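Q: Would you be able to build a 3D model of this:
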Amino acid sequence: MTKRFLALVCASIALTACQTTTPADDTIYMRTDGVSQVGRPDLLQKFEIDKTVCLGETQKAAVGAPVVYSNGTILSELSAAGVNQQKSNALNDVMKGCMAQKGYILVKKSEAMATSQRLKAMTKK
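A: Presented below is the predicted three-dimensional model:
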């Protein structure tokens, strides 16, 4: 019983560590024309409205997603975590797709400046 409990605790810690690092931590949405929203209240307001609409679309998609339960065994905990990760990825895709329809792309913060310059150059052509 002790070995099983210890293994369950270790698996839970490992799964928690995997789930706390999300791609959104180091990414931002930026306009597909490369124009910055910084110092532009009109563009910032539009972004906030678009983001709110897309969050609503994502929440609607989440309502239909099945709830995943586990019976407490390590195998079922891992299976439940895998299914939950797939659901999370699918909901992230809903958000990214909605934002893309509204003219935004998700980029790494470290690549934002270069991406912005590239998008501006493509827009001028």
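
Q: tell me the contacts of the spatially closest residue to residue 54 that is not a sequence neighbour?
A: Using Cβ to Cβ, 6 or more residues apart in numbering and skipping residues adjacent in sequence, the residue nearest residue 54 is residue 98, 3.7 Å away. (Glycine included, C-beta is placed from N, CA and C.) Residues near residue 98 by Cβ atoms under 8 Å, 6 or more residues apart in numbering: 53-54, 57-58.

Q: Go through the residues you listed and flag which are in helices.
A: Using DSSP state H, 53-54, 57-58 are the members of the contacts of residue 98 that sit in helices.

Q: Could you write me a ChimeraX select line covering just the buried ones among those?
A: Buried residues within the ones in helices among the contacts of residue 98, by 16 or more other Cβ atoms under 10 Å, are selected in ChimeraX with:
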select :54,57,58
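
Q: Show the model's pLDDT score for residue 37.
A: For residue 37, the pLDDT comes out at 88.

Q: Mind checking what secondary structure the residue nearest to residue 54 has?
A: helix (DSSP: H, G, I helix; E, B strand; the rest coil).

Q: how about JSON lines for the contacts of residue 98, with distance to residue 87 added?
A: Formatted as JSON lines, these follow (distance: Cβ to Cβ, whole Å):
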{"residue": "53", "distance to residue 87": "21"}
{"residue": "54", "distance to residue 87": "17"}
{"residue": "57", "distance to residue 87": "15"}
{"residue": "58", "distance to residue 87": "11"}
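
Q: between these, which is nearest residue 85?
A: Closest to residue 85 out of these is residue 58 (16.0 Å), distances taken as Cβ to Cβ.
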